[in-house]
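Student: here is my input, please return the structure:
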Amino acid sequence: MNMNCNQARQISIIDYLAKCGFRPQYINGVNHWYLSPIREENTASFKVNTQLNAWFDHGIGVGGNFIDLGIRLHQCTVEQLLTRLSTGDRSLSFHRPVTTTAAEPEHKINIIQAGELQNLTLIKYLHERAIDYYTAKAWCKEVLFTLNGQRYLAIGFENRSGGYELRNAQFKLSSSPKDLTHISQGACTIHLFEGFTDFLSLLTLKKRDLLGDFLVLNSLSFVGKSLEILQQYPTAKLYLDHDAAAAKELAFIKQSIPNAEDASRFYSGHKDLNAYLKIQQQSRGLGL
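Tutor: Okay, here's the model as predicted:
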């Protein structure tokens, strides 16, 4: 007799992943964080909530119950999954999607040097984003790098692993290793941002009035990694974008970190902090 859907949903996801050879990278309460079993990644963004027996892959914004995972993990239909679970069919093997990077051209970023931010074209870009030059100069570098044999200059924001977020008027890139940025100054409050332009935007708005430590995700996929840092602070203020993806992560952080506070209300009606900053500067008629 075949297993039915209700029975399959009761199968422990973490136990099943263990049988498939997957172990959590770290555990935070009821949340177990894995390298995604359904795609290639280098940072654990696949969460399993053991209380709900549910999973969510933050890298692609997909989640569900055991059945939802099973059909993705084994690339089969619901009927095939139930039949094979019932019979213990060994043909129900694990198939991670294969990436064919060897056949693709290499697009590796090589950092040549990082120094003081002074290039006039990059300063003009900051002006267009309404970001104060001296604020950016304090936290960013002028980075010279190569990509596909060509040299480029960009504003570089360093992460805790030594990689850079790279921005100029033409592109938005990241060098390896990609990671979040934690700026610790011994404060009791931490301010979390999705990207470094939002971080610089709030500093531009608040000038010297913004006190605390800072955490810049550099990618929403690093929300899971941010939890171990956020939980060290009595107060955490979140300045995420106003879109569906960020809303999901906001809810997740607030569920995981009870003292986390949505601090984005003052720029409601705007996509993000930088969009709000540009409107403020335009309305005041100020030049930076």
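
Student: hey, let's count contacts and neighbours off CA atoms from now on
Tutor: Noted.

Student: excluding chain neighbours, what is closest to residue 11?
Tutor: In this structure, residue 11 finds its nearest non-sequential neighbour in residue 66, 6.7 Å apart by Cα to Cα, 6 or more residues apart in numbering.

Student: now for the one you found, how many residues are close by?
Tutor: 20 (other Cα atoms under 10 Å).

Student: ok, it - contacts?
Tutor: 8, 9, 10, 11, 12, 13, 53, 54, 55 (Cα atoms under 8 Å, 6 or more residues apart in numbering).

Student: cool, residue 178 as well?
Tutor: Counting by Cα under 8 Å, 6+ apart, residue 178 makes contact with 159, 161, 163, 164.

Student: now the buried members of the contacts of residue 66.
Tutor: Listed as buried from the contacts of residue 66 are 8, 12, 13, 53, 54, 55; burial here means 16 or more other Cα atoms under 10 Å.

Student: and the fifth one, how far is that from residue 175?
Tutor: The reference is to residue 54. To residue 175, residue 54 is 33 Å away according to Cα to Cα, to the nearest Å.

Student: try the fourth one
Tutor: Look at residue 53 and residue 175: by Cα to Cα, they are 36 Å apart.

Student: all helices for the stretch 51-200 of the chain, in order.
Tutor: Counting by DSSP state H, counting those that start in this stretch, the stretch 51-200 of the chain has helices at residues 66-74, 78-87, 120-128, 133-139, 196-206.

Student: let's see the longest one as PDB, backbone CA atoms only.
Tutor: Going back to what we said before, that points to helix 196-206. Only the C-alpha atoms of helix 196-206 are listed here, as PDB (Å, rounded to 0.1, in the frame of the first residue of the first chain):
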ATOM      1  CA  PHE A 196      26.200  49.400   1.300                       C
ATOM      2  CA  THR A 197      24.500  52.200  -0.600                       C
ATOM      3  CA  ASP A 198      21.700  52.100   1.900                       C
ATOM      4  CA  PHE A 199      24.300  52.100   4.700                       C
ATOM      5  CA  LEU A 200      26.000  55.200   3.200                       C
ATOM      6  CA  SER A 201      22.600  56.800   2.600                       C
ATOM      7  CA  LEU A 202      21.500  56.600   6.200                       C
ATOM      8  CA  LEU A 203      24.900  58.000   7.300                       C
ATOM      9  CA  THR A 204      24.500  60.900   4.800                       C
ATOM     10  CA  LEU A 205      21.000  61.600   6.300                       C
ATOM     11  CA  LYS A 206      21.900  61.300   9.900                       C
END
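
Student: tell me the angle of that helix relative to helix 120-128?
Tutor: 60 degrees (axes from the mean of the first three to the mean of the last three Cα atoms, to 10 degrees).
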